[in-house]
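In: okay, sequence plus prediction incoming.
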Amino acid sequence: GENVEQHPSTLSVQEGDSAVIKCTYSDSASNYFPWYKQELGKGPQLIIDIRSNVGEKKDQRIAVTLNKTAKHFSLHITETQPEDSAVYFCAVAGGTLTFGKGTMLLVSP
Amino acid sequence: SQTIHQWPATLVQPVGSPLSLECTVEGTSNPNLYWYRQAAGRGLQLLFYSVGIGQISSEVPQNLSASRPQDRQFILSSKKLLLSDSGFYLCAWMDSGNTIYFGEGSWLTVV
């Protein structure tokens, strides 16, 4: 089955800095790559996704890049704010959806 | 638009008692439905998924069961809870583009 590795497990940045979270996957047939943000005590919320026919997608301060050859994709958050603090999950879909183990992002004022 | 509801939001149950968590989806028909659990830590563990009424697939052997009595209703149950069943339970549904949408979660504490 699919194997998804997510790094780092914890990331601390200062407000205004950029944050990058990376995921690798094993199944080259996977074609859909969403990112979720989970705030404490709440369900994960989809924040951005990318499909295999696109290399990059941006939505205001967040972007996702995909390298299908290398089988990795990354979440980029620019100009981080304290409200960006949360746990972020990547996921990979081919048939079923497989999640990474999550990254706790802490943005300090 | 589609919405997903699950309840109760918080539950404290004694060891050996039964459990029933309910989930309903509105605004779509015949969705794939999922139950996930988050124990201590952050990982999302898939427990059950269903592609239709009465069709349940189990991902891990455990003390829990799931049922789908109606198209947009998914129920997580246990006959006798264990301490290890404590955790944050999430119901989810998948749209035709493989995007999964989660409910707000149910906190279960077994004491």
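Out: Noted; the coordinates are in hand.

In: any idea how far the residue lying closest to B:W7 once chain neighbours are set aside lies from chain A?
Out: Distances taken as C-beta to C-beta, 6 or more residues apart in numbering or on different chains place B:E22 nearest to B:W7, at 5.9 Å, with adjacent residues excluded. Where you see a C-beta, it was placed from the backbone N, CA and C, and this is true even at glycine. B:E22 sits at a distance of 15 Å from chain A (criterion: C-beta to the nearest C-beta, to the nearest Å).

In: which ones are touching B:Q38?
Out: Contact partners of B:Q38, counting by C-beta atoms under 8 Å, 6 or more residues apart in numbering or on different chains, are B:L44, B:Q45, B:G87, B:F88, B:Y89, B:L90.

In: so which elements touch the lowest-mean-pLDDT helix or strand in chain A?
Out: Averaged element by element with mean pLDDT, DSSP states H and E, chain A has its least confident helix or strand at strand A:97-99 (a mean of 88). Helices and strands touching strand A:97-99, by 3 or more C-beta pairs under 8 Å, 6 or more residues apart in numbering or on different chains; DSSP states H and E, are strand A:86-93.

In: which strands or helices does the strand it packs on pack on?
Out: Using 3+ C-beta pairs under 8 Å, 6+ apart, the elements in contact with strand A:86-93 are strand A:4-7, strand A:19-25, strand A:32-38, strand A:72-77, strand A:97-99, strand A:103-108.

In: any idea of the mean pLDDT for that strand?
Out: In this model, strand A:86-93 has a mean pLDDT of 95.

In: repeat for stretch A:101-109
Out: Rounded mean pLDDT across stretch A:101-109 is 96.

In: what sits up against that stretch?
Out: Under the contact criterion C-beta under 8 Å, 6+ apart, stretch A:101-109 has outside partners A:6-15, A:17, A:19, A:21, A:38, A:77, A:80-89, B:42-44.

In: for it, C-alpha coordinates in CSV please.
Out: What follows is stretch A:101-109, C-alpha atoms only, in CSV (Å, rounded to 0.1, in the frame of the first residue of the first chain):
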residue,chain,number,x,y,z
LYS,A,101,1.6,11.7,10.7
GLY,A,102,1.2,15.5,10.9
THR,A,103,3.4,18.5,11.6
MET,A,104,2.8,20.8,14.6
LEU,A,105,3.4,24.3,13.5
LEU,A,106,4.0,26.9,16.2
VAL,A,107,4.2,30.6,15.2
SER,A,108,5.5,32.8,17.9
PRO,A,109,4.5,36.5,18.0
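
In: got the buried residues for that stretch?
Out: Neighbour-count burial for stretch A:101-109 flags A:K101, A:G102, A:T103, A:L105, A:V107 (criterion: 16 or more other C-beta atoms under 10 Å in any protein chain shown).

In: same deal with stretch A:39-47?
Out: For stretch A:39-47, the neighbour count (16+ other C-beta under 10 Å) marks A:G43, A:P44, A:I47 as buried.
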